[in-house]
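A.B. asks: no FASTA, just this:
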């Protein structure tokens, strides 16, 4: 698959449980336009569109959002996408044991559908996006980029639970880990930024947002991630419970008479910061905590403690710590969260420059490339104090990571075709 001089654009779709982001890149990595649509902001179906007799499903919204995103991208570019696009890349949260991007044929779509049981908030909607995009752009190849792929380098001992091995193999129950696309991006950006000084061998990536996880990266590869079989595991999140004793869950289901589906919804939507404090917005929580709200204070303390506890586990998995990176909405924008964790990591040689933590824009960053196609490292910020291990803020950019994967996919596919001639 070698694009012609004209066919040099890649469309990227990044579906989250409540939003859809789409972007167009010109190869190799020049971002031409971006559009994000919150599913809750979709216009209501009118009678001409066939108003549903019941509430529209998340998958139905994802399908409509895809169509609207494509129209908006064409509007921004002022040109049709069909003629110049050589590939469409889709972020898929749960890819099982797949370790690389794959063409979205029927077999791969069936895999994604089967894995929807493991990621019910993400995979079904992503599949709806794929189907809508393939219907709109049927002659263009589509590929899946899996959030779990980066973590396929984890050793066997980091993958398994203490379940009967027969059941593990039968049902595919493993600690897959997530946020891998952005973890790969953060790792790449830091490696590019620190190449002259030497790349940090043991990097702790703190992906903190509505969904949150920590990734231990050693020598550029994932050693472990705090999420496990599903994106529910690990850190306390905005409305997700994080790690919980399975006995507690069984007890809650019995006492509250919850079905498995109800328990799943409860763990995803009614727990975490929201369950502890009544709000899933960390900024609101901190304002209330400062005003003396006891529940918000407890929620903040539990959040920070769990962050410290699991950071220690990731550091142990790597055998030490050489650098810390913050990414995601909270990681990039919350000085109190960064301050809390780095203070807890002082024993590992981590110390903040408090002025830069409060105002990261004053930090130095990597220069843009001369051709204007900066990969994103120009936005990387350094916020450590003198004599500290490096501490970075790296803006999350899954779309950029995916277009790099798409470019590599095109090259490898072209090489395979060339060798088969």
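C.D. replies: Now that the structure is in, tell me what you want to look at. In this text, all values refer to a predicted model and were calculated from it rather than measured experimentally.

A.B. asks: which residues in this structure form strands?
C.D. replies: Counting by DSSP state E, the chain forms strands over residues 9-15, 19-26, 30-38, 85-92, 102-103, 142-146, 202-208, 212-218, 221-225, 323-327, 381-382, 391-393, given from the N-terminal end onward.

A.B. asks: how about those, which one is nearest residue 411?
C.D. replies: Nearest to residue 411, of all those, is strand 85-92, at 11.4 Å by CB to CB. In short, each C-beta sits where N, CA and C put it, glycine included.

A.B. asks: per-residue pLDDT, the residue nearest to residue 203 when sequence neighbours are not counted?
C.D. replies: Of all residues not flanking residue 203 in the chain, residue 217 sits nearest, at 4.3 Å (CB to CB, 6 or more residues apart in numbering). You'll see residue 217 listed with a pLDDT of 98.

A.B. asks: I figured residue 217 hits residue 207, correct?
C.D. replies: No - in this structure residue 217 lies outside contact range of residue 207 using CB atoms under 8 Å: 11.5 Å.

A.B. asks: what about residue 274, how many neighbours?
C.D. replies: By other CB atoms under 10 Å, 18 other residues sit near residue 274.

A.B. asks: wait, doesn't it sit right on residue 282?
C.D. replies: No - with contacts defined as CB under 8 Å, residue 274 does not count as touching residue 282, sitting 10.6 Å away.

A.B. asks: Overlap in contacts, those two.
C.D. replies: Residues within reach of residue 274 and of residue 282 at once, by CB atoms under 8 Å, 6 or more residues apart in numbering, are residue 238.

A.B. asks: Once you drop chain neighbours, what's closest to residue 210?
C.D. replies: residue 238 (4.5 Å).

A.B. asks: Would you mind measuring from the residue nearest to residue 203 to residue 186?
C.D. replies: Distance check for residue 217 against residue 186: by CB to CB, to the nearest Å, it reads 8 Å.

A.B. asks: next one: residue 18
C.D. replies: In this view, residue 18 and residue 186 are 23 Å apart by CB to CB.

A.B. asks: With neighbour numbers in mind, choose between the two.
C.D. replies: More crowded of residue 18 and residue 186, by other CB under 10 Å: residue 186, with 30 against 13.

A.B. asks: OK, contacts around the residue nearest to residue 203?
C.D. replies: Residues in contact with residue 217 (CB under 8 Å, 6+ apart) are 183, 187, 202, 203, 204, 205, 223, 318.

A.B. asks: Beta-bridge partners for it, please?
C.D. replies: Here residue 217 shows beta-bridge partners residue 203, residue 222, assigned using DSSP bridges.

A.B. asks: Got the domain ranges for the protein?
C.D. replies: Structural domains assigned to the chain are 9-146, 195-389, following automatic domain parsing.

A.B. asks: okay if I get those domains as JSON lines plus distance to residue 170?
C.D. replies: What follows is the domains of the chain, written out as JSON lines (distance: least, CB to CB, whole Å):
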{"stretch": "domain 9-146", "distance to residue 170": "14"}
{"stretch": "domain 195-389", "distance to residue 170": "14"}
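
A.B. asks: So for residue 398, which of those sits nearest?
C.D. replies: Nearest to residue 398, of these and by CB to CB, is domain 9-146 at 5.3 Å.

A.B. asks: now that closest one, how far from the centre of its chain.
C.D. replies: Taking CA atoms, centre = their mean, to the nearest Å, one finds the center of domain 9-146 at 15 Å from the center of the full chain.

A.B. asks: what does stretch 340-359 give?
C.D. replies: The chain centre lies 24 Å from the centre of stretch 340-359; the measure is CA atoms, centre = their mean.

A.B. asks: picking up where we left off before, what's the closest of the strands of the chain to residue 72?
C.D. replies: Distances from residue 72 to each of the strands of the chain were compared by CB to CB, and the smallest falls on strand 30-38, at 4.5 Å.

A.B. asks: Tell me where this protein is predicted with low confidence.
C.D. replies: By pLDDT under 70, the weakly predicted segments of the chain are 1-6, 46-54, 364-378, 414-421.

A.B. asks: Give me the contact list for the longest helix along the chain.
C.D. replies: Taking residue count as the measure and DSSP state H as the definition, the longest helix of the chain comes out as helix 294-318. Helix 294-318 is touched from outside by 158, 202, 204, 206, 208, 214-218, 223-224, 226, 234-236, 242-243, 273, 276-279, 285-286, 288-289, 321, 337, 340-341, 344-345, 348, with contacts defined as CB under 8 Å, 6+ apart.

A.B. asks: from the residues you listed, which would you call buried?
C.D. replies: Among these, the ones that count as buried by 16 or more other CB atoms under 10 Å are 158, 202, 204, 206, 208, 214-218, 223-224, 226, 234-236, 242-243, 273, 276-277, 279, 285-286, 288-289, 321, 337, 340-341, 344-345, 348.

A.B. asks: where exactly do the helices run in the stretch 101-250 of the chain?
C.D. replies: In the stretch 101-250 of the chain, the helices defined using DSSP state H, counting those that start in this stretch lie at 106-114, 123-136, 165-171, 180-193, 246-255.

A.B. asks: Identify each buried residue in the last one, please.
C.D. replies: Buried residues in helix 246-255, defined by neighbour count with 16+ other CB under 10 Å: none.

A.B. asks: now for it, which elements pack on it?
C.D. replies: Contact here means 3 or more CB pairs under 8 Å, 6 or more residues apart in numbering; DSSP states H and E; on that basis helix 246-255 packs against helix 260-269.

A.B. asks: Can you spell out which helices and strands pack onto the helix it packs on?
C.D. replies: When contacts are defined as 3+ CB pairs under 8 Å, 6+ apart, helix 260-269 packs onto helix 246-255.

A.B. asks: And residue 200, its phi and psi?
C.D. replies: Here the main-chain torsion angles of residue 200 (degrees, to the nearest 10) amount to phi -60, psi 130.

A.B. asks: what number of residues lie near the residue nearest to residue 210?
C.D. replies: A count of neighbours around residue 238, defined by other CB under 10 Å, yields 22.

A.B. asks: Could you report the separation of the spatially closest residue to residue 38 that is not a sequence neighbour from residue 316?
C.D. replies: Here the nearest residue to residue 38 in space, its sequence neighbours aside, is residue 19; by CB to CB, 6+ apart that works out to 5.0 Å. Spatial separation of residue 19 from residue 316 under the definition CB to CB is 35 Å.

A.B. asks: how far away is the residue nearest to residue 210 from residue 271?
C.D. replies: Between residue 238 and residue 271 the distance is 10 Å, computed by CB to CB.
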